[in-house]
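> Quick one, fold the following:
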Amino acid sequence: MRVLFVCLGNICRSPSAQGVFEKLLAADELAGSIKVDSAGTADYHIGKPPDRRAITAASRRGVDISMLSARRVADSDFAEFDLILAADHDNLQELMRRAPADCAAKLRLFMSYAPDDGEEIPDPYYGGEQGFEDVLDMLERASQGLLASLREHPQSPLVS
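Now for the predicted structure:
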């Protein structure tokens, strides 16, 4: 199983999602069988590390995302990944627009794995420190839901 987390610039939400999910996987028997990455739909920050506020907030939870660097979703991602999870509707629509007709990847909102939290992960970029904490809370719940889904349905994580 290969999972790609996607937001707009790949410096806040998606690298945080990658780090949170990788930390959760590290303690699970599925860890070796799941590849995780993150990307953005825009090319604003290619090659840059995550936002310092995202790094700091994640670090407080034992998640190190400082070594990640932003990249844009590539055409090859639609074939390389099984599940591409968008932070919000705008990014999901952009992914759907860019996906080839024969796209094998399943495109979905990440928060569908934590439906009580709403459908979208708000972009904390223009807000304060608390926004990054709130996003991490959401990512932790969605990551737990995703992992539970993968455990129950390893070949089809869209079931739950």
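
> gap between the closest residue to Glu80 other than its chain neighbours and Ile84?
Using C-beta to C-beta, 6 or more residues apart in numbering and skipping the chain neighbours, the partner closest in space to Glu80 is Arg2 (6.3 Å). (Glycine included, C-beta is placed from N, CA and C.) In this structure, Arg2 lies at 9 Å from Ile84, with C-beta to C-beta, to the nearest Å as the measure.

> now do Glu22
Distance, Glu22 to Ile84, by C-beta to C-beta: 17 Å.

> Over to Cys103?
Distance, Cys103 to Ile84, by C-beta to C-beta: 9 Å.

> who's more crowded, the two?
When Cys103 and Ile84 are compared for neighbours, Ile84 comes out ahead with 27 against 15, by other C-beta atoms under 10 Å.

> so after the strand or helix carrying that one, what's the next helix or strand?
Counting by DSSP states H and E, the secondary-structure element that holds Ile84 is strand 83-86. Sequence-wise, the next helix or strand beyond strand 83-86 is helix 89-98, with elements assigned using DSSP H and E.

> Give me the distance from that next one to the chain's centre.
14 Å (C-alpha atoms, centre = their mean, to the nearest Å).

> quick one: buried residues of that helix?
When neighbours are counted by 16 or more other C-beta atoms under 10 Å, the buried residues of helix 89-98 are found to be Asn91, Leu92, Glu94, Leu95.

> Appreciated, that's everything.
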